[in-house]
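>>> Got a predicted structure here, sequence first:
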Amino acid sequence: MNLAPFACQPALSRGRLHPEDDSALRGPRDAFQRDRDRIIHSVPFRRLRGKTQVFVIPDGDHFRVRLTHSLEVAQIARTLARALGLNEDLTEALALAHDVGHPPFGHAGEDSLDAAMAEAGGFDHNAHTLRLLTRLECPYPRHRGYNLCWETLEGLAKHNGPVAAPSWALDEANAEFGLELGSWPSLEAQVAALADDIAYDNHDIDDGLRSGLLTLADLLEVPLVRRSWEAVRARYPDVAERRLLQELVRHQIGYMVADLLAETGRRLEEVKPGSANDVRAAGRALVGFSEGLAAEERVLKRFLYERMYDAPPVRPIRERGQTVIAGLFAAYRSDPGLLPEAWRPNGEGEVTALRTIGDYIAGMTDRYAIARHEELIGPAQMPEGF
């Protein structure tokens, strides 16, 4: 693989927190390939198939969940990385792992868990991703966590940019392995973050149309979508509209990818980074949309929030998911003996107990959280539909 000089080079990795016996390595894989494979084979990654993307336990098999969303992000991210000469394996690892810290019921569940853990520093899904991968999961015999490379952990910690005020969980990971939270991350991490935006902006349009929450007429109120639709109709003037809805999504993904590559190329030409460390020291994002598309994408996001994420048919289910999370947290806090034996607090103090309860609930899938609520408290009474 011929990498650009500003890409992350596996042979120059800052390494792993725990030394590993090279004789135990399986197969001709470099450090970043092994990180990607560890993530794919992990329990937290498998649990994503049961966690909300937009709809809670969707009735239809064709709606996205966190797992399918993460796979789509990885596909877009890998395409971008290849075009820019970046390390595809590191980029893919970051894209696949970026959401493993999500609790049940998506961002609604995160808000509920954050409120329940207020006395213990709150909850943040991005920081919890680091906590899961470095502390909570113990698949190896001699250390906690998956012992991922510094570059992978750094990218997960700050793929959205420098972190000025890290949460307690991110602070723990940073104290253990010095992730340089104040600087920008690698280009691979920046690409993974923008691929996430491209994926959910467009795939949520697809799910919104499929669910009936959105209509084509609704979408054409958004300038970016209207322009994409006009291009699609001009290309296929004799094809029925219903046959072109997925083509609209494909066209828009391609348009956003092309814009990002052009703008990122322009920024790289300005800065001329000679290494991954030059990227971190650049003082600004080097991967991004053009100014015009960035403004239009913000309009699209506001539209999706108002018409889909916070739509009246979705709101009661989101609120019910929050009630399930809050009820479970209160039950376990009142009687820690209700927790599985391995998860019961061991007398290290109230803050540790609350964080342990939060860790346990955050690992649940939607269905498991509902089942535990019905077992410990009573019927979850989830509304039908989305």
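Structure's in. What do you need?
>>> buried stuff in stretch 223-231?
Under the neighbour-count criterion of 16 or more other C-beta atoms under 10 Å, stretch 223-231 has 224-225, 228-229 buried. (Glycine included, C-beta is placed from N, CA and C.)
>>> How about stretch 209-221?
For stretch 209-221, a neighbour-count test (16+ other C-beta under 10 Å) marks 209-211, 213-214, 219 as buried.
>>> can you pull out the helices in the stretch 151-300 of the chain?
Listed from the start of the chain, the stretch 151-300 of the chain has helices (DSSP state H, counting those that start in this stretch) covering 168-177, 187-211, 216-219, 223-235, 245-271, 276-280, 291-304.
>>> Dump those to JSON lines, plus distance to residue 329 and mean pLDDT.
Output for the helices of the stretch 151-300 of the chain, formatted as JSON lines (distance: least, C-beta to C-beta, whole Å; pLDDT from 0 to 100):
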{"stretch": "helix 168-177", "distance to residue 329": "17", "mean pLDDT": "97"}
{"stretch": "helix 187-211", "distance to residue 329": "27", "mean pLDDT": "95"}
{"stretch": "helix 216-219", "distance to residue 329": "37", "mean pLDDT": "96"}
{"stretch": "helix 223-235", "distance to residue 329": "39", "mean pLDDT": "97"}
{"stretch": "helix 245-271", "distance to residue 329": "38", "mean pLDDT": "98"}
{"stretch": "helix 276-280", "distance to residue 329": "38", "mean pLDDT": "98"}
{"stretch": "helix 291-304", "distance to residue 329": "29", "mean pLDDT": "98"}
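>>> which of those helices is buried the deepest?
Between the helices of the stretch 151-300 of the chain, helix 187-211 has the highest mean count of neighbours, a mean of 24, where neighbours are mean count of other C-beta atoms under 10 Å.
>>> can you state the direction angle for that helix and helix 245-271?
160 degrees (axes from the mean of the first three to the mean of the last three C-alpha atoms, to 10 degrees).
>>> now the strands for the protein?
Read by DSSP state E, the chain holds no strands at all.
>>> Against the centre of it, work out the most remote residue.
residue 238 (38.9 Å; C-alpha atoms, centre = their mean).
>>> where does that one land on pLDDT?
The score at residue 238 is 96. That number is its pLDDT.
>>> got any ranges where the stretch 1-150 of the chain has weak pLDDT?
Within the stretch 1-150 of the chain, the segments meeting pLDDT under 70 span 1, 22-25, 57-60.
>>> can you list the domains in this protein?
Residue ranges for each domain of the chain read 30-182, 188-309, 315-376, as given by automatic domain parsing.
>>> I'd like these as TSV, with distance to residue 3 appended.
Below are the domains of the chain laid out as TSV (distance: least, C-beta to C-beta, whole Å):
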stretch	distance to residue 3
domain 30-182	6
domain 188-309	10
domain 315-376	35
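>>> Among the ones you listed, which comes closest to residue 12?
With C-beta to C-beta as the criterion, residue 12 lies closest to domain 188-309 of those, at 7.9 Å.
>>> picking that back up, pipe the helices of the stretch 151-300 of the chain into JSON lines and attach distance to residue 112 per row.
JSON lines is the format used below for those (distance: least, C-beta to C-beta, whole Å):
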{"stretch": "helix 168-177", "distance to residue 112": "17"}
{"stretch": "helix 187-211", "distance to residue 112": "21"}
{"stretch": "helix 216-219", "distance to residue 112": "29"}
{"stretch": "helix 223-235", "distance to residue 112": "32"}
{"stretch": "helix 245-271", "distance to residue 112": "31"}
{"stretch": "helix 276-280", "distance to residue 112": "35"}
{"stretch": "helix 291-304", "distance to residue 112": "21"}
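>>> Find the nearest non-adjacent residue to residue 46, please.
Closest residue to residue 46 apart from its sequence neighbours, by C-beta to C-beta, 6 or more residues apart in numbering: residue 67 at 7.9 Å.
>>> Number of residues surrounding that neighbour?
The tally of other residues near residue 67 (other C-beta atoms under 10 Å) stands at 19.
>>> in terms of contact, does it touch residue 48 like I think?
Yes. Residue 67 lies in contact with residue 48 (C-beta atoms under 8 Å); the separation is 3.8 Å.
>>> sorry, back to before: which stretch among the helices of the stretch 151-300 of the chain comes nearest residue 339?
helix 168-177 (19.4 Å).
>>> now for that closest one, which elements pack on it?
Applying 3 or more C-beta pairs under 8 Å, 6 or more residues apart in numbering; DSSP states H and E, we find helix 168-177 packed against helix 125-131, helix 150-158.
>>> gap between stretch 150-167 and the chain center?
13 Å (C-alpha atoms, centre = their mean, to the nearest Å).
>>> just the CA coordinates of that stretch, formatted as CSV?
Output of stretch 150-167 as CSV, limited to C-alpha atoms (Å, rounded to 0.1, in the frame of the first residue of the first chain):
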residue,chain,number,x,y,z
TRP,A,150,-2.2,4.7,20.3
GLU,A,151,-3.3,6.0,16.9
THR,A,152,-6.6,4.1,17.1
LEU,A,153,-7.4,5.3,20.7
GLU,A,154,-6.4,8.8,19.8
GLY,A,155,-8.7,8.8,16.8
LEU,A,156,-11.6,7.5,18.8
ALA,A,157,-11.0,10.0,21.5
LYS,A,158,-10.9,13.2,19.4
HIS,A,159,-12.2,12.3,15.9
ASN,A,160,-14.5,15.4,16.2
GLY,A,161,-11.6,17.6,17.0
PRO,A,162,-9.6,18.7,20.0
VAL,A,163,-11.2,18.1,23.4
ALA,A,164,-10.8,21.0,25.8
ALA,A,165,-12.9,19.7,28.6
PRO,A,166,-12.7,15.8,28.7
SER,A,167,-15.3,13.9,30.7
